[in-house]
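1. Here's my sequence, what's the structure:
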Amino acid sequence: MLSELNEVTDHLFIASARSVTDDKLQQKGITCVINCSMTAPTYSTSNIKYIPIMVEDNEKSNIGRYFEEVLNIIKEEYEEGGKTLVYCVAGISRSATLCIAYLMKHNNMTLRNAFRHLKSRRKIIRPNNGFFRQLIDFERSLYNETTVQMVRVPNADSPDCVVPDVFYELCRGIVWLKSCKNSLRL
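-> The predicted structure is shown next:
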């Protein structure tokens with residue numbers, strides 16, 4: 001899963017940094033790459049549009065400030081007949097957040113449906129809690145309501161241990177207890 005370029009739509013792909021190669025970009029017809037990994041590319045950027053988005057994968061990072069810019073780039077590339085790849089280190093949090101935001105705004109999906117759609121295309125996605133809060137705010141700004149809520153994990157040691165209900169829906173909270181406890185140590 002980490003070595004694949006996963007198709008989100010006919011013009012949008014998501015991946016990990018390790019999976020991006022010249023051959024794969026050419027094979028998929030990628031014309032624009034959005035790198036939100038903080039690392040330099042190991043592939044040629046001479047024949048493609050290359051957009052670096054410098055954002056760290058932590059709950060305090062403001063990825064939402066890039067939503068409009070990135071979503072417009074993806075839409076414009078599509079309108080010009082191109083295809084865009086969005087990637088981060090593992091293709092799990094940052095790139096997933098941007099792809100979900102795109103699906104919400106330009107495919108008119110709710111946050112819950114955008115998350116489910118992306119999860120069906122790349123099983124390992126898991127935007128961090130801070131990014132999910134920003135997606136919730138973004139959904140509210142688009143539709144004046146939200147379909148996802150942050151919920152407390154039952155039996156957690158701390159009342160601050162919360163996850164998006166779509167995560168809890170998938171795992172019933174079992175897997176997230178440890179990650180939630182670790183995130184409280186930041």
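2. gap between Gly29 and Asp23?
-> 12 Å (Cβ to Cβ, to the nearest Å). To be clear about C-beta, it is placed using only N, CA and C from the backbone, and glycine gets the same treatment.
3. which outside residues touch stretch 36-50?
-> 17, 20-22, 25, 30-33, 35, 52-56, 63, 66, 73, 77, 82, 86-89, 94-95, 98 (Cβ atoms under 8 Å, 6 or more residues apart in numbering).
4. buried residues in the helix ranked longest in the chain?
-> Longest helix in the chain by number of residues (criterion: DSSP state H): helix 129-143. Buried residues in helix 129-143, counted by 16 or more other Cβ atoms under 10 Å: Asn129, Gly130, Phe131, Phe132, Arg133, Gln134, Leu135, Ile136, Phe138, Glu139, Leu142.
5. which parts of stretch 146-155 are buried?
-> Thr146, Thr147, Val148, Val153.
6. nearest spatial neighbour of the third one, skipping sequence neighbours?
-> When you say that, I think you mean Val148. Of all residues not flanking Val148 in the chain, Leu111 sits nearest, at 4.8 Å (Cβ to Cβ, 6 or more residues apart in numbering).
7. for the one you found, what are its contacts?
-> Residues in contact with Leu111, defined by Cβ under 8 Å, 6+ apart, are Ile100, Met104, Leu135, Ile136, Phe138, Glu139, Thr146, Thr147, Val148.
8. can you confirm the second one is in a helix?
-> Yes - membership of Met104 in a helix is supported by DSSP: H, G, I helix; E, B strand; the rest coil.
9. okay, now Glu145: neighbour count?
-> Residues near Glu145, counting by other Cβ atoms under 10 Å, number 8.
10. helix/strand/coil for it?
-> Recorded secondary structure, Glu145: coil (three-state DSSP).
11. Was I right to think Thr9 contacts Asn107?
-> Yes - in terms of Cβ atoms under 8 Å, Thr9 counts as a neighbour of Asn107; the distance is 7.1 Å.
12. Give me the more crowded residue out of those two.
-> Between Thr9 and Asn107, counted using other Cβ under 10 Å, Thr9 has the larger neighbour count: 17 against 13.
13. Who does the more buried one form a beta bridge with?
-> For Thr9, the beta-bridge partners are Leu12 (DSSP bridges).
14. Now that we're looking at it, what pLDDT does it have?
-> Thr9 carries a pLDDT value of 98.
15. And the residue nearest to Val148, how far from Met150?
-> For Leu111, the distance to Met150 equals 12 Å [Cβ to Cβ].
16. Number of residues surrounding Pro164?
-> Neighbours around Pro164, by other Cβ under 10 Å: 24.
17. Got the phi and psi for it?
-> Per-residue torsions, Pro164: phi -60, psi 140 (degrees, to the nearest 10).
18. Surely it touches Val148?
-> Yes - contact criterion Cβ under 8 Å: Pro164 and Val148 qualify, at 5.2 Å.
19. anything in contact with each of those two?
-> Taking Cβ under 8 Å, 6+ apart as the contact rule, Pro164 and Val148 both touch Phe115, Phe132, Ile136.
20. Thank you, goodbye.
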